[in-house]
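S.K.: Below is the sequence, then the predicted model.
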Amino acid sequence: MMSIQRAVREFGLRPGFDLVDVKKCGLPVFRLTVEAITLRRQNLPTIQEFILKSLMIEDATAVEIAAMLGLAVRHVEENLTRLLFEQLVAETSDPLSKIKYRMTDLGKERLESGQSWPQDETLVFDYDLLLQSPVKLTDAQVEGAKGARQDGTLLLPAASLDPPGLETLPLNTLSQAVRRIGGKEFQKQILGLRRILRHQMMFRPATGLLFRNRVTGDLELGLVVDDKLSERHEIEFSRTGGLKKAGFIKGSWSEDSGRIRAFLGGSIWSKIADDQAEAVQLKLRQLGRERVELVEMHERKRRSRDKLKGHPLQTVDDLDRQIAALTVQLDGLPLRSVSPPELGNLFKDALEHTESELIVSIDAVEQEGMTRQIVGQLGKLAEHTSVVIMTNDPIDSKPIGEKGKFEPGVQLWSLANVNRRLVLSERGSELHSLSFLVRDRRLAVIAAGPIVKPADRRPHFRVRTAYVTNDLDIVELVRQKLGNGVPVVV
């Protein structure tokens, strides 16, 4: 399965849309065990094939067949015995009591189609509940519900939890989906299905990309399945009303953006340049792909024969300069929305590369989201830069959990006691549900909801709204509005 980071990089841009959430998803699949009637495809040995073809001309004795084919009588008699056993030929006698052989109707069928007698057989195959069709999957492409939930996977609801009716299964293509040991192809023809012996719900890993239309506000769910964007899964999931199921998507872009707009003011809000940002990001993605291909071409050229090494290629530095120029252009936009993955990258980059000042303003220090690694990075950053952490909920210095359990608030309090560059403060209640990140007075991020996203107890999609600016005037305005925090004495 393609990683979430690569799925976002490859498919996270959709013209006219903003990416508002990303989640590992499980597509519902039934693993069906059925009782079937099959015909085994079997190729005849060459000698037996020519014996049957000679009997198509006329009935003959073993000696006559051997003479016709130019074979030893012994070899012909051995194969006639096998053909008799399989009822492909039958014995007959003439007035002179010579034993002759004739081809049976089964022999004619076998010679024409290579098929044997029908037989009952148990078959196992997977059935995609969204596409309503059999699908061939390996063990690595599916997982059980328990394992999926433990990974924090969002299990997509199916239109129906009942197994498909046998009459709806396409017998002409079903054989392509039958599971075989070692991945071998199923070589038999399926004549019919008697009954379903067992059905087990499984899930096919995918990456769900939740998009919001900038004009209409409608939501669309893109599904990356097996390293590609599956439009069929997206259409079928939307057609069956999956997006509208209660609790599947939470949050409101209009409410969240309204809070951010009220904080920034209408004049700054009017500077949003998402359409321009999209055009630049599409160019950056294309250049990124070209860069990967160019690096591969240079490597192939390096390994090629001497006479091919003179073939001129564009240098990687040329592409890097174009990418750098577009990045500067993107950063020069006054205000633009950012996707959840980019929001995470901005926070990570701030922890690693802040030079003089970092302000983090959030509702609370969440036990699940503020990991030991993040707290450690904040402490290390405070050794040479100013770090201010502002919260609505006071940071408690007293442990409340089990002895030895990591509690981020307690750890931050301890670090602030020994390092004056780390400052903890309380912010006004009017900032509730908004999060801010201000780095080096050159960059500001405003998000509705947490910047450090806690793990979901019950996975679901949530419309996440966040904006970034490198405009120095807007950054300073954000910093001033956050400057009313009350320092906490430690």
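M.R.: The structure has been received and is ready for your questions.

S.K.: for the stretch 251-400 of the chain, what are the low-confidence residue spans?
M.R.: For the stretch 251-400 of the chain, applying pLDDT under 70 flags the ranges 305-312.

S.K.: Now with 90, please.
M.R.: With pLDDT under 90 as the threshold, the stretch 251-400 of the chain has low-confidence stretches at 251, 289-319, 364-371, 392-400.

S.K.: where do the helices sit along it?
M.R.: Per DSSP state H, counting those that start in this stretch, the stretch 251-400 of the chain has helices spanning 253-264, 266-269, 274-303, 316-331, 340-353, 372-381. These are given in chain order.

S.K.: can you list contacts of the shortest one?
M.R.: For helix 266-269, the surrounding residues in contact (CB atoms under 8 Å, 6 or more residues apart in numbering) are 260-261, 334-335, 474, 477. Every residue, glycine included, has its C-beta placed from N, CA and C.

S.K.: If we use 7 Å, what do you get?
M.R.: The set of residues external to helix 266-269 that reach it, using CB atoms under 7 Å, 6 or more residues apart in numbering, is 261, 335, 474.

S.K.: residues of that helix that come out buried?
M.R.: Residues of helix 266-269 classed as buried: 268-269 (neighbour count, 16 or more other CB atoms under 10 Å).

S.K.: Could you do the longest one as well?
M.R.: For helix 274-303, a neighbour-count test (16+ other CB under 10 Å) marks 274, 277-278, 280-281, 284, 287, 291, 294 as buried.

S.K.: one step back: write the ChimeraX selection for whichever of the contacts of helix 266-269 are buried.
M.R.: Restricted to the buried members of those, where burial is judged by 16+ other CB under 10 Å, the ChimeraX selection command reads as follows:
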select :335,474
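
S.K.: export the contacts of helix 266-269 to CSV and tack on distance to residue 359?
M.R.: Putting the contacts of helix 266-269 into CSV (distance: CB to CB, whole Å) gives the following:
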residue, distance to residue 359
261, 21
335, 18
474, 14
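
S.K.: closest to residue 22 among the contacts of helix 266-269?
M.R.: Within these, distances to residue 22 taken as CB to CB reach their minimum at residue 335, with 22.2 Å.

S.K.: mind listing what that closest one touches?
M.R.: Going by CB under 7 Å, 6+ apart, residue 335 touches 268, 271-273, 467, 469, 471, 474.

S.K.: Give the bridge partners for it, please.
M.R.: Using DSSP bridges, the bridge partners assigned to residue 335 are residue 272.

S.K.: do residue 198 as well
M.R.: Residues in a beta bridge with residue 198, per DSSP bridges, are residue 33.

S.K.: Count residues in the vicinity of it, would you?
M.R.: The number of residues packed near residue 198 is 12, by other CB atoms under 10 Å.

S.K.: Please apply the same query to residue 321.
M.R.: When neighbours are defined as other CB under 10 Å, residue 321 has 11 of them.

S.K.: ok, back up a step: tell me the one of the contacts of helix 266-269 nearest residue 379?
M.R.: residue 474 (29.4 Å).

S.K.: need the contact list for that closest one.
M.R.: By CB under 7 Å, 6+ apart, the contact list for residue 474 reads 268, 334-335, 444.

S.K.: now those residues as a markdown table including distance to residue 143?
M.R.: A markdown table is the format used below for these (distance: CB to CB, whole Å):
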| residue | distance to residue 143 |
| --- | --- |
| 268 | 46 |
| 334 | 45 |
| 335 | 41 |
| 444 | 41 |
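
S.K.: and the gap between residue 163 and residue 130?
M.R.: With distances defined as CB to CB, to the nearest Å, the gap from residue 163 to residue 130 amounts to 15 Å.

S.K.: How much space separates the closest residue in space to residue 341 that isn't next to it in sequence from residue 465?
M.R.: Setting aside the residues directly before and after it, residue 341 is nearest to residue 8 in space (CB to CB, 6 or more residues apart in numbering), at 4.8 Å. With the distance defined as CB to CB, residue 8 ends up 17 Å from residue 465.

S.K.: What of residue 184?
M.R.: 51 Å.

S.K.: Compare those two and say which is more crowded by neighbours.
M.R.: Here residue 184 and residue 465 are set side by side on neighbour count (other CB under 10 Å), and the busier one is residue 465, at 26 against 9.

S.K.: Go ahead and confirm the more buried one touches residue 448.
M.R.: Yes. With contacts defined as CB atoms under 7 Å, residue 465 counts as touching residue 448 at a distance of 4.4 Å.

S.K.: Find residues that contact each of these two.
M.R.: Listed contacts common to residue 465 and residue 448 are 256, 260; contacts here mean CB under 7 Å, 6+ apart.

S.K.: List the residues that contact residue 178.
M.R.: Going by CB under 7 Å, 6+ apart, residue 178 touches 123, 125, 186.
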